[in-house]
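Colleague: Using only what follows, build the 3D model:
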Amino acid sequence: MWKAWLSPGSSLSVGHGEMDEGHRALFRLFERVYSEAFKSPGEAAPRGSPQLPQRIEELCGALEEHFRVEEGLMEQHGYPDRLLHRAAHDGFREEIRFVIRALSRGELTPSLGARIAGEAPGWVEAHIRTDDLPLGRFLAARQAEGSGATALHARRTARRSGTR
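Modeller: Down below sits the predicted model:
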């Protein structure tokens with residue numbers, strides 16, 4: 001289902017290796033949740049796999065860790081839209097908390113499993129396209145600025161020392 005998104009050159013690549021690998025890891029986890037939730041691809045009715053709660057907990061933990069990494073990058077590099085981006089994360093965190101509460105109470109219903117398996121990847125895809133792609137471009141520009149500054153410094157140093 002998400003195989004095309006797992007490839008390094010996919011249309012969901014944001015151009016930042018750490019973020020792209022994080023997205024691929026998340027989609028691999030979505031694939032695992034989906035395979036636990038449904039007997040076969042395209043099946044409308046979810047099944048009650050005993051592994052589903054564990055897979056959902058793994059996915060929720062990985063999403064939270066991924067959000068922390070992105071938020072750290074935004075802070076570290078002074079990303080101007082970091083508050084808006086974090087607000088998008090916070091909205092999804094609320095969904096995650098809802099799922100964790102349902103799991104802890106033993107209230108994981110087939111419809112909730114279907115919602116997680118079916119809707120969450122769409123949210124992540126939309127988030128990557130609208131929030132992460134601009135962040136990836138920003139980080140790439142920052143990296144290019146840093147590389148350019150390093151090269152300029154090397155040339156100036158070489159001129160001062162009389163070498164080229």
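Colleague: buried residues in the helix or strand containing D90?
Modeller: D90 belongs to helix 82-104 when assigned by DSSP states H and E. Of all the residues in helix 82-104, those buried under the rule 16 or more other CB atoms under 10 Å are R82, H85, R86, A88, H89, F92, E95, I96, V99, A102, L103. Backbone N, C-alpha and C define where each C-beta goes, glycine included.
Colleague: One more: stretch 54-67?
Modeller: Judged by neighbour count (16+ other CB under 10 Å), stretch 54-67 contains these buried residues: R55, I56, L59, C60, A62, L63, H66, F67.
Colleague: Now do the SS call for the residue nearest the centre of the chain.
Modeller: Central residue of the chain (CA atoms, centre = their mean): H23, 4.0 Å from the mean position. Per DSSP: H, G, I helix; E, B strand; the rest coil, the secondary structure class of H23 is helix.
Colleague: So it sits against D131, correct?
Modeller: No. Look at H23 against D131 with CB atoms under 8 Å: they stay out of range, at 11.8 Å.
Colleague: Would you mind writing the CA trace of the host helix or strand of M19 as CSV?
Modeller: Here M19 sits within helix 17-37, counting by DSSP H and E. Only the C-alpha atoms of helix 17-37 are listed here, as CSV (Å, rounded to 0.1, in the frame of the first residue of the first chain):
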residue,chain,number,x,y,z
GLY,A,17,18.2,12.6,5.0
GLU,A,18,17.2,12.3,8.6
MET,A,19,13.7,13.4,8.0
ASP,A,20,13.3,11.2,4.9
GLU,A,21,14.5,8.2,6.8
GLY,A,22,12.2,9.0,9.7
HIS,A,23,9.2,9.1,7.2
ARG,A,24,10.2,5.8,5.7
ALA,A,25,10.4,4.2,9.1
LEU,A,26,6.9,5.6,10.0
PHE,A,27,5.4,4.2,6.8
ARG,A,28,7.0,0.8,7.5
LEU,A,29,5.2,0.9,10.9
PHE,A,30,2.0,1.9,9.2
GLU,A,31,2.4,-1.1,6.9
ARG,A,32,2.7,-3.3,10.0
VAL,A,33,-0.3,-1.8,11.7
TYR,A,34,-2.3,-2.2,8.5
SER,A,35,-1.3,-5.8,8.1
GLU,A,36,-2.4,-6.5,11.7
ALA,A,37,-5.6,-4.6,11.2
